[in-house]
Structure formats: C-alpha cells, structure tokens
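Student: I'd like to go over a predicted model; first the sequence, then the structure.
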Amino acid sequence: MQNYYIEKRPMTDSMLLSWDLAHHIYTRGVQGRIAIATDKPVALLATTRKQWLKLIRQVHRERASTLRATRIMELSAQIAWMQRLTFSCKPPEGAREDDITFATAASLAEMPPICTALYITCSVTDKCLSQITRRMEKGSVIIIYGQ
Amino acid sequence: MSILQLPTDKPQPNNTSCCLCGRLISKDIATLGPCDAEGNVTFICVGHSKDGLRFIVMLADYTADERQKFMKRHGNNLMHDWVEPNAELLY
C-alpha cells in the first residue's frame, strides 16, 4: 500500500458520485485500466456512463468553439479516447479486458484486477483492500470515497 | 479532497503546485491530476473540476504542452532514440 498514491474524496449529499467519478477519470486522462469497487455495479455503471456521455458532448462543444489548432487537436484526441473507452460490470475473463470495470469489493478481492487506478465507493476492510491491490503496479492510484 | 499518501519513492512535500494554474496548494485541497511529460502524477486544485467548460480547455492546453515537451525532448523522433512511446502522450 505504500507504493500507491492514495486520495480521499468526501461524499456529500449534494454530490453525485457518478458525476465525480466521470470527471475524475476524465481529469486523469489516459491512464490504463480502471477498477471501481461498489455495492451496486450495474446501477453505478449506468449513471457513470451517462455522465461520461455528457462530458463527451461538453468536450465536443469546446472543440467546436475554438480556432486554436493545438487545442483542436488535443480535444479531438480526447474525444477519440473518451469514445473508445469501454465500461463493463463483468469480471475480466480471458483476453477480454475492459477499460473500466465495475464490481463488488468481494469479486475484486477474489480476482484482483491489473489496473492503474482503483476507485473505492463502498466500505472495505484493510484486508480486502490489500487483496484487491495485490496486482496493481507501483505508482498506481487509489481513490477512496467516504464521509 | 485530500491526498493521503504518495509513494515512498517520490518526494514528500507538504505543499505542491497545481499543474493547471501554478498556484501552491496543500495536499489537503489537492486532487490527483494527469501525468506530465516525464510520467509523474501531477496535482490540481479541487475547484478546477467545478469550472466546467473552462476546466476542459485548461486541461487540454496543459496536456498539449506536455505532449510537445515530450516530443521535443526526443527530437520529435522517437524511433531515433528507440524510445518506447508513452501512450498517454501520443495520438
């Protein structure tokens, strides 16, 4: 655990978890695979993907409103990356590995993901967390949502 | 938002600077940002992400600058130095 960046993000009543997830993933940019531990993978995937699509439209809008060539190129690359990103709530099987995987903490502990970013949106024990992070590379990022 | 921990092999400053606006901020009000040209994780002020459209533009400008630095360092010719392309900085 000492080889990772750990960030704590508080959750308030006015904050939409899916909005925050989508914006944090966007801010970090291209970063390899992402795993998200949650109690309700299917529901969170649906809401996060919706926020992600909204974000894509905002980036499209910014791209259309600028004349600067470098900015247009960069925003075009971002849009291409954002549209390519795959979301899944199934555990990785064989060769199929999605960019962002939503799963319960128990299933992630059983089959630790190989990812560079891990988002914890439910309560997990330290033992469970160390099991989940078993295969994460040095320098990876762990974001913990909590009160 | 607060940065609780950095990897032990990285410098451990109390304050860090936001990669978008350059302001010095403490780890308590910083959030993880994109990687820079050298592959190091940067930090940004938590207020930026709530800026909406302006944030998108600032982030795009920063990433474009880092991309240019990366390519310039290798003489705009990655093959010449046999550098493995950094997927984050190549189109």
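Tutor: All right, it came through fine.

Student: can you give me the helices in chain A?
Tutor: Here chain A has its helices, by DSSP state H, at A:17-28, A:41-64, A:69-84, A:105-110, A:126-132.

Student: now, of those helices, which is deepest in the fold?
Tutor: For these, the largest average neighbour count (mean count of other Cβ atoms under 10 Å in any protein chain shown) is found in helix A:17-28, namely a mean of 21. No exception for glycine: its C-beta is placed from N, CA and C like everyone else's.

Student: so, in contact with chain B or not, that helix?
Tutor: Yes - under the criterion of Cβ under 8 Å from any Cβ of the partner chain, chain B is reached by helix A:17-28 at A:His23, A:His24, A:Tyr26, A:Thr27, A:Arg28.

Student: sorry, back to before: tabulate the helices of chain A (CSV), appending mean pLDDT.
Tutor: Shown next, in CSV, are the helices of chain A (pLDDT from 0 to 100):
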stretch, mean pLDDT
helix A:17-28, 92
helix A:41-64, 95
helix A:69-84, 92
helix A:105-110, 91
helix A:126-132, 91
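
Student: Looking at the ones you listed, which is nearest to B:Tyr62?
Tutor: Nearest of the helices of chain A to B:Tyr62, taken as Cβ to Cβ: helix A:69-84 at 9.2 Å.

Student: who touches that closest one?
Tutor: Residues from elsewhere that reach helix A:69-84 (Cβ atoms under 8 Å, 6 or more residues apart in numbering or on different chains): A:26, A:29-30, A:52, A:55-56, A:59-60, A:62-63, A:66, A:99, B:56-57, B:60-61, B:63-64, B:67-68, B:91.
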